[in-house]
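*Asks:* below: sequence and its predicted model.
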Amino acid sequence: MTTPAIPTASTATVEASTAHTGLVDRRTAVVAQGVPRATTLDIRSASGARLVDADGRSIIDLAAGIGVMSVGHGHPEVVEAIRQQAGALLHVCMHVASYEPYVAVCERLAELLPHGGPTRAMLVNSGAEAVENAVKIARQATGRAGVLCFTGAFHGRTLLGMTLTSKVAYKRGCGPFAPEVYRVDYPHRYHAGVADEAVFVEQALAALREALTNRVAPEQLAAILIEPVLGEGGIVPAPAAYLQGLRAICDEHGILLIADEVQSGLCRTGRWAAYEHAGVVPDLSTWAKALGGGLPIGAVVGKDEVMQAAVPGTIGGTFGGNPVSCAAALATLRVMERDDLCARAAALGARIRERLLSMAASSPHVGDVRGLGAMMGMELSFDGDPRRPAPELAKAIAAKCLERGVLVLGAGVEGNVLRVLPPLVISDADLDVALDALSDALAEASKELPS
């Protein structure tokens with residue numbers, strides 16, 4: 001059997017089972033085609049873990065707006081906080097005057113995510129902005145220019161973010177890219193084909209040390225930037241021992257460690273930060289997605305002495321830490337803490353993992369099941385061979401799930417990973433229905449593969 005071609009952006013769209021209302025046609029006529037579109041769904045409302053389309057069909061959401069809606073769609077406390085803040089103050093700009101919601105969000109982030117001592121934060125609009133500002137802070141703090149990043153990484157679509165991002169399909173025709181960015185292999189044990197994790201980590205760290213002799217000198221590196229769990233890159237957790245070794249290498253050479261928690265952070269993996277699973281503390285970390293409960297807001301959090309190295313005027317932005325987004329963030333963090341969504345994510349993750357492993361046991365096309373907490377991925381390949389990815393199968397399964405009223409999205413550089421990122425408030429009943437649909441879709445799509 002030959003490996004199917006990797007789908008292009010134009011062929012990766014999952015078709016909705018119901019006829020759309022014309023909105024997609026209007027979108028096609030006026031919205032730039034470079035804005036990706038994963039489905040033809042026309043969503044009109046949402047609540048909790050369910051979406052409602054233009055035909056009134058209820059769809060169980062296993063995407064959560066790409067990891068954004070952790071507290072669920074339209075959480076009443078978040079909506080009420082937005083309503084009250086909108087009536088009081090919409091915008092003033094933190095560069096012009098101080099306002100309570102911005103400072104309060106920074107205080108809460110410093111409390112929830114201490115970086116080994118006094119901790120500071122600054123707010124932005126998105127994950128890409130958070131990454132850009134973290135790099136600027138690291139460069140000022142160290143007086144160095146270089147940044148080391150990883151294959152499979154996704155750090156945004158701004159110029160520097162796109163430079164740091166690994167998937168070339170997102171970068172076509174967008175160069176030249178930012179200088180002084182270097183890349184090494186992400187510690188992806190399934191793709192490396194090494195069964196013993198301790199042996200694999202030793203090899204991966206040795207490869208990283210070698211890169212510091214033949215690719216970039218450590219004294220030229222301001223930072224090493226890593227996602228503790230690859231998100232867009234295929235839901236791949238870095239082994240705890242690897243992150244610990246990375247921390248030691250950074251300490252040895254005076255390199256700052258930046259953890260990109262944009263998708264993995266804020267309860268998603270069963271901890272406030274995915275790096276906590278490894279018992280490491282980064283110098284800087286970046287946040288967005290789930291922070292605003294659906295409104296755009298991001299943050300850089302870091303050690304006091306590192307954050308304070310940034311010269312006034314070099315970080316920030318007109319809309320960064322908008323008062324309404326900050327109010328939504330404060331409400332979101334309250335719900336997460338009060339309802340112990342870290343524990344809920346861990347419980348959901350155990351349930352999801354069990355079901356995905358069951359699917360893997362009955363299908364030769366599930367090569368790997370992995371993740372942390374409620375951030376789980378299932379990699380599809382032919383005969384379990386990572387060198388023979390099955391992106392068309394992933395697309396077919398996603399389409400069949402949608403026919404069954406379940407939204408699941410793909411991931412991975414090859415597009416052959418299905419990621420399960422439900423709102424953390426999803427009920428056990430809805431989750432079981434969704435996973436049943438995923439199992440049935442896998443079985444059906446597998447039977448339709450060419451022999």
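*Replies:* That came through fine.
*Asks:* the chain: helices as residue ranges?
*Replies:* 23-30, 64-67, 76-88, 100-112, 127-142, 159-164, 189-192, 197-214, 240-253, 304-307, 323-338, 341-362, 391-403, 428-447 (DSSP state H).
*Asks:* the residue nearest the centre of the chain: what's it in contact with?
*Replies:* By C-alpha atoms, centre = their mean, the chain has its centre lying nearest to residue 263, at 2.6 Å. Contacts for residue 263 (C-beta atoms under 8 Å, 6 or more residues apart in numbering) come out as 66-67, 127, 227, 229, 231-232, 289, 375. C-betas here are computed from N, CA, C, even on glycine.
*Asks:* quick one: which of the residues you listed is most hemmed in?
*Replies:* When neighbours are taken as other C-beta atoms under 10 Å, the top entry among the contacts of residue 263 is residue 127 (29 neighbours).
*Asks:* these two touch, right, that one and residue 156?
*Replies:* Yes: using C-beta atoms under 8 Å, residue 127 makes contact with residue 156 at a distance of 5.8 Å.
*Asks:* how close does residue 384 get to residue 186?
*Replies:* Distance from residue 384 to residue 186, counting by C-beta to C-beta, to the nearest Å: 20 Å.
*Asks:* over to residue 314?
*Replies:* Residue 314 sits 30 Å away from residue 186, taking C-beta to C-beta as the criterion.
*Asks:* higher neighbour count, those two?
*Replies:* Counted by other C-beta under 10 Å, residue 314 and residue 186 do not tie: residue 186 has more neighbours, with 23 against 12.
*Asks:* look up the closest residue to the more buried one, ignoring the ones flanking it.
*Replies:* With C-beta to C-beta, 6 or more residues apart in numbering as the criterion, residue 186 has its nearest non-adjacent residue at 4.0 Å, and that residue is residue 150.
*Asks:* tell me the confidence at that neighbour?
*Replies:* On the pLDDT scale, residue 150 is placed at 98.
*Asks:* next: residue 189.
*Replies:* On pLDDT, residue 189 comes in at 97.
*Asks:* count of neighbours near it?
*Replies:* Look at residue 189: counted by other C-beta under 10 Å, it has 22 neighbours.
*Asks:* in this structure residue 90 contacts residue 326, no?
*Replies:* No: counting by C-beta under 8 Å, residue 90 sits too far from residue 326 to count as a contact (11.5 Å).
*Asks:* quick one: residue 240 from residue 364, how far?
*Replies:* 30 Å.
*Asks:* who has more neighbours out of those two?
*Replies:* Taking other C-beta under 10 Å, residue 240 and residue 364 do not tie; residue 240 has more neighbours (16 against 12).
*Asks:* not counting sequence-adjacent ones, nearest residue to the more buried one?
*Replies:* The shortest distance from residue 240 to any non-neighbouring residue, by C-beta to C-beta, 6+ apart, is to residue 278 (3.8 Å).
*Asks:* state the distance from that neighbour to residue 418.
*Replies:* In terms of C-beta to C-beta, residue 278 sits 25 Å off from residue 418.
*Asks:* more neighbours: those two, which one.
*Replies:* residue 418 (28 against 21).
*Asks:* show me the contacts for the nearest residue to that one once chain neighbours are set aside.
*Replies:* Spatial nearest neighbour of residue 418, excluding adjacent residues (C-beta to C-beta, 6+ apart): residue 378 at 4.9 Å. Going by C-beta under 8 Å, 6+ apart, residue 378 touches 356, 359-360, 366, 368-369, 417-418, 420.
*Asks:* so which of those residues is the closest to residue 78?
*Replies:* Closest to residue 78 out of the contacts of residue 378 is residue 420 (23.1 Å), distances taken as C-beta to C-beta.
*Asks:* residues near the residue nearest to residue 186, how many?
*Replies:* The burial count for residue 150: 24, using other C-beta under 10 Å.
*Asks:* residues contacting it?
*Replies:* 166, 183-186, 225-227, 230.
*Asks:* my guess is residue 273 meets residue 267, correct?
*Replies:* No: using C-beta under 8 Å, residue 273 is not in contact with residue 267, being 9.5 Å away.
*Asks:* give me the spatial nearest neighbour of residue 303, chain neighbours excluded.
*Replies:* Spatial nearest neighbour of residue 303, chain neighbours left out: residue 115 (4.6 Å); criterion: C-beta to C-beta, 6+ apart.
*Asks:* does the one you found touch residue 282 like I think?
*Replies:* Yes: using C-beta under 8 Å, residue 115 makes contact with residue 282 at a distance of 6.8 Å.
*Asks:* these two: which is more packed in?
*Replies:* Each of residue 115 and residue 282 has its neighbours counted (other C-beta under 10 Å); residue 282 has more, 31 against 22.
*Asks:* contact partners for the residue nearest to the more buried one when sequence neighbours are not counted?
*Replies:* Spatial nearest neighbour of residue 282, chain neighbours left out: residue 259 (4.0 Å); criterion: C-beta to C-beta, 6+ apart. For residue 259, the contact set (C-beta under 8 Å, 6+ apart) comprises 226-228, 273-275, 282, 284-286.
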